[in-house]
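**Student:** What follows is a predicted protein model with its sequence.
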Amino acid sequence: MRLAKPGADDTVRIPPRRRSRHGGAVAAVAVLVVILAGSLSGWLFWPRPAQHPAIAPPAVTALPAPAPAAANTAGAPAPIFHIESATEEQIRSHVPSGLAVFRFADNPRILVLDFASLHDQGRMLNRVAALTEKAGLPHDRILSEAELDAAINSQGDTVETFYYGHDYAAASLARFFRLADIQKIELDPQEEALRALMQQEGWFAPGVTAGLISLPGVGADAKVTASARASILRHELSHGEFFSNPAYAEYVHNFWLTALTGTERAEFRSFLAKEEYDAGEEELMFNEMQAYLMFTRDPIFFTPGLAGLTPARLSELQSRFLAGMPEGWLRTMLASYQDAAPGR
């Protein structure tokens, strides 16, 4: 998820900032230790909202056999991630001190990575984004560190602003690591931590239907307010449902083809292309359609005019989408949006 690019509206923008990347074995180990320490401290001091009972730690179960590790991680102990079930409200109100990992209570096939730092989020996931959805970048190989730096800089972005939230299917993440191993790419410590999480969850096994999403903590930069964090979370949770619920993904596809006119699809495709998504990836287009049109209400991320829609037409599409949605937590979420709309 990105902030909206300049256009005909008054959308708030973030000025680009420059960054540097580091390498070296000693630095890599140090960064991984910091990530894992932050994750542990985040769990030790996670505040429980008064209106919710404390969440009991999940039962200990045998972990699935991990996929073979890359050569550059052979012999290194794999980190163990403590993962608790949490509701949308609990995730939204959480204050990360490093990296915390949640299992979404309403759909346990969605994992949520909660980062204190946009920089650490980018270091873990930007290269995955480049492979799976960024326009103008190869989707059949992993970019080297230098290539990723050049791609980020050429678009006026930084490691922090490349994306504000990420979302990937388990199969896409597994493909990323397979390609990295084939190419013998030296991955960042944050990327190796992601590999360890996937091994722990058994996501390298064939046929896994699950989704991983991420978001930054409030104050990660000046634009990540509590409102923006809530909007990022809802946007990304809808992607998590798309990746982990085939019935919902099929519903979204049919809606894209039958509810939107050809002109509206072209306008939405144009909007996403300006946001640097690869408009040639059809599934990406209708997945982003449902997340932006139905679940993104903060104007710093999306307004209907950016996709060539009037507010009235957007409301009409949202009502039609809700009417045919499969039952479940996401339908309830959209219904709460509609019930809160002015005039209702």
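**Tutor:** Received, thanks.

**Student:** Give me the most central residue, the chain.
**Tutor:** Centrality entry for the chain: nearest residue to the mean C-alpha point is residue 166, 2.2 Å, by CA atoms, centre = their mean.

**Student:** gap between that residue and residue 84?
**Tutor:** Using CB to CB, to the nearest Å, we find residue 166 at a distance of 20 Å from residue 84. Yep, even glycine has a C-beta here, placed from its N, CA and C like the rest.

**Student:** Same question for residue 123.
**Tutor:** Taking CB to CB, one finds residue 123 at 24 Å from residue 84.

**Student:** neighbour-wise, which of the two wins?
**Tutor:** residue 123 (24 against 16; other CB atoms under 10 Å).

**Student:** quick one, what contacts the more buried one?
**Tutor:** By CB atoms under 8 Å, 6 or more residues apart in numbering, the residues touching residue 123 are 21, 159, 188-191.

**Student:** go with 7 Å
**Tutor:** 159, 188, 190 (CB atoms under 7 Å, 6 or more residues apart in numbering).

**Student:** Return the subset of those residues lying in helices.
**Tutor:** Among these, the members found in helices (DSSP state H) are residue 190.

**Student:** can you list the domain ranges for the protein.
**Tutor:** 25-243, 245-339 (automatic domain parsing).

**Student:** CA atoms only for the one helix or strand residue 338 maps to, dumped as CSV, please.
**Tutor:** In this assignment (DSSP states H and E), residue 338 forms part of helix 329-339. Provided in CSV are the C-alpha atoms of helix 329-339 (Å, rounded to 0.1, in the frame of the first residue of the first chain):
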residue,chain,number,x,y,z
TRP,A,329,-15.6,-11.2,9.2
LEU,A,330,-14.7,-9.1,6.1
ARG,A,331,-18.4,-8.7,5.2
THR,A,332,-19.1,-7.5,8.7
MET,A,333,-16.2,-5.0,8.4
LEU,A,334,-17.6,-3.5,5.2
ALA,A,335,-21.1,-3.4,6.6
SER,A,336,-19.8,-1.3,9.5
TYR,A,337,-18.3,1.1,7.0
GLN,A,338,-21.6,1.4,5.2
ASP,A,339,-23.7,1.8,8.3
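
**Student:** phi, psi of the nearest residue to residue 278 once chain neighbours are set aside?
**Tutor:** The shortest distance from residue 278 to any non-neighbouring residue, by CB to CB, 6 or more residues apart in numbering, is to residue 135 (4.5 Å). The phi/psi pair for residue 135 (degrees, to the nearest 10) reads phi -70, psi 140.

**Student:** With residue 147 instead?
**Tutor:** phi -70, psi -40.

**Student:** ditto for the one 10 residues further on
**Tutor:** Here the main-chain torsion angles of residue 157 (degrees, to the nearest 10) amount to phi -100, psi 180.

**Student:** mind listing the helices in the stretch 201-344 of the chain by residue range?
**Tutor:** When assigned using DSSP state H, counting those that start in this stretch, the helices of the stretch 201-344 of the chain occupy the ranges 226-244, 246-258, 262-274, 282-289, 295, 311-324, 329-339.

**Student:** Same list, the ones you listed, but as CSV with mean neighbour count please.
**Tutor:** What follows is the helices of the stretch 201-344 of the chain, written out as CSV (neighbours: other CB atoms under 10 Å):
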stretch, mean neighbour count
helix 226-244, 23
helix 246-258, 15
helix 262-274, 16
helix 282-289, 19
helix 295, 22
helix 311-324, 14
helix 329-339, 14
